[in-house]
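Colleague: pasting the sequence and the predicted model now:
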Amino acid sequence: MRVSWKIIEGFNDRYSIGSTGLVMSNRREVRTGTGKREIGQRIVKQQIGFGGYSCVSLRRTPSGKNETLYVHRLVATHFCKNPLNKEYVNHIDGNKHNNNKENLEWVTASENCIHAYSLGLSSSPTPPKTTGVDRHNSKQILVLSAGVLVDMYKTKIDASRSLNICGKTISKTILDNTTIKGLKFYEIKLRKLGVTWDQVQKYIGKSEGDLPFLFNSKEEKIRSVSFC
C-alpha cells in the first residue's frame, strides 16, 4: 500500500505523519559541540496509551519535553476532511490500531456512540449525560493558559480527545504541576463540591488566583469551596 506523508503541524518540520498511521522522524541536521551532524529519518516507535489507542512521543525542539499524541487524531487532522468541525475521530472498522486514513472519520459524540453500539463495542447507543454534576463522580478537567482558565472538560477522556494529548500525559502534568503545549491542568469533582457545571463555567476567563475550587491532586484536598 502506498503511503502519503505530510509534515506534522507545530513540530518545526521534525516529524511527518503517514496516511497509514506511521510516524516518521525526518532527516535533519543538529548542532553538536564541534559543529553539526545529520540525523537520518526513521519510523517512530508507537505505544498503547490511554483508552487503548496508539500513541507517539514527539518533541518540538531537541531539548524540549516529550509530548504524547494519539496517532489516529494525527492522521485524521492531516488527511481527513472535517467541514463541520466535528470533535471526535471514529475508527470505521472498530479496530483502534487500524489508523489508515480510509478507516478514520470525524464524528460527533452521538455518532461515535451509535457506531460503537452497532459494532457491539458499547452497551448503549447514546453518550452518558453530561449536564450538571457528572453522574459517574469522575474528575472534571480545568485547562489554564498563561494563568487564566480557558476551558474545562467533563472527563479526562474528553480533554484528551479534544486537545490531542494522551490522558496519561495530562495525569502526569497534574501530578507534577507542570505544563504541556503551554497548558496547565487541574482536576475537580463537581459532585464533591456540590456545584454545577454551569457555576464553574462562569469562571472561564478568570486568573488562577481567583478560582475558588482548584483541586490539589497531590494532597487530595480542596483548596476552597466557596462560590460567588
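Modeller: Noted; the coordinates are in hand.
Colleague: Ala159 is in contact with Val150, correct?
Modeller: No. Counting by CB atoms under 8 Å, Val150 sits too far from Ala159 to count as a contact (11.9 Å). (C-beta placed from N, C-alpha, C; glycine too.)
Colleague: list the residues that contact both of those two?
Modeller: Val143 (CB atoms under 8 Å, 6 or more residues apart in numbering).
Colleague: same drill for these two, tell me which one is more crowded.
Modeller: Each of Val150 and Ala159 has its neighbours counted (other CB atoms under 10 Å); Ala159 has more, 21 against 13.
Colleague: buried residues in whichever strand or helix holds the more buried one?
Modeller: Assigned by DSSP states H and E, Ala159 belongs to helix 156-163. Neighbour-count burial for helix 156-163, counted by 16 or more other CB atoms under 10 Å, picks out 156, 158-161, 163.
Colleague: can I get these in JSON lines including distance to Ala146 and pLDDT?
Modeller: Shown next, in JSON lines, are those (distance: CB to CB, whole Å; pLDDT from 0 to 100):
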{"residue": "Lys156", "distance to Ala146": "22", "pLDDT": "87"}
{"residue": "Asp158", "distance to Ala146": "22", "pLDDT": "84"}
{"residue": "Ala159", "distance to Ala146": "18", "pLDDT": "87"}
{"residue": "Ser160", "distance to Ala146": "21", "pLDDT": "86"}
{"residue": "Arg161", "distance to Ala146": "23", "pLDDT": "81"}
{"residue": "Leu163", "distance to Ala146": "16", "pLDDT": "84"}
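Colleague: pop the domain breakdown of this structure in here.
Modeller: Residue ranges for the domains of the chain, per automatic domain parsing: 1-127, 140-222.
Colleague: which of those comes out lowest on mean pLDDT?
Modeller: The weakest mean pLDDT among the domains of the chain belongs to domain 140-222, with a mean of 78.
Colleague: if we can go back for a sec, so which of the buried residues of helix 156-163 is the closest to Val89?
Modeller: Arg161 (7.7 Å; CB to CB).
Colleague: how near is that closest one to Gln140?
Modeller: Distance, Arg161 to Gln140, using CB to CB, to the nearest Å: 15 Å.
Colleague: same check, this time on Leu211
Modeller: In terms of CB to CB, Leu211 sits 13 Å off from Gln140.
Colleague: swap in Ile7?
Modeller: Taken as CB to CB, the span from Ile7 to Gln140 is 35 Å.
Colleague: more crowded one of those two?
Modeller: Each of Ile7 and Gln140 has its neighbours counted (other CB under 10 Å); Gln140 has more, 25 against 15.
Colleague: next, the contact list for the more buried one, please.
Modeller: Contact analysis of Gln140 by CB under 8 Å, 6+ apart lists 134, 152-155, 187-190, 197, 200.
Colleague: residue farthest from the centroid of the chain?
Modeller: Within the chain, the residue lying farthest from the chain centre (CA atoms, centre = their mean) is Thr34, at 38.7 Å.
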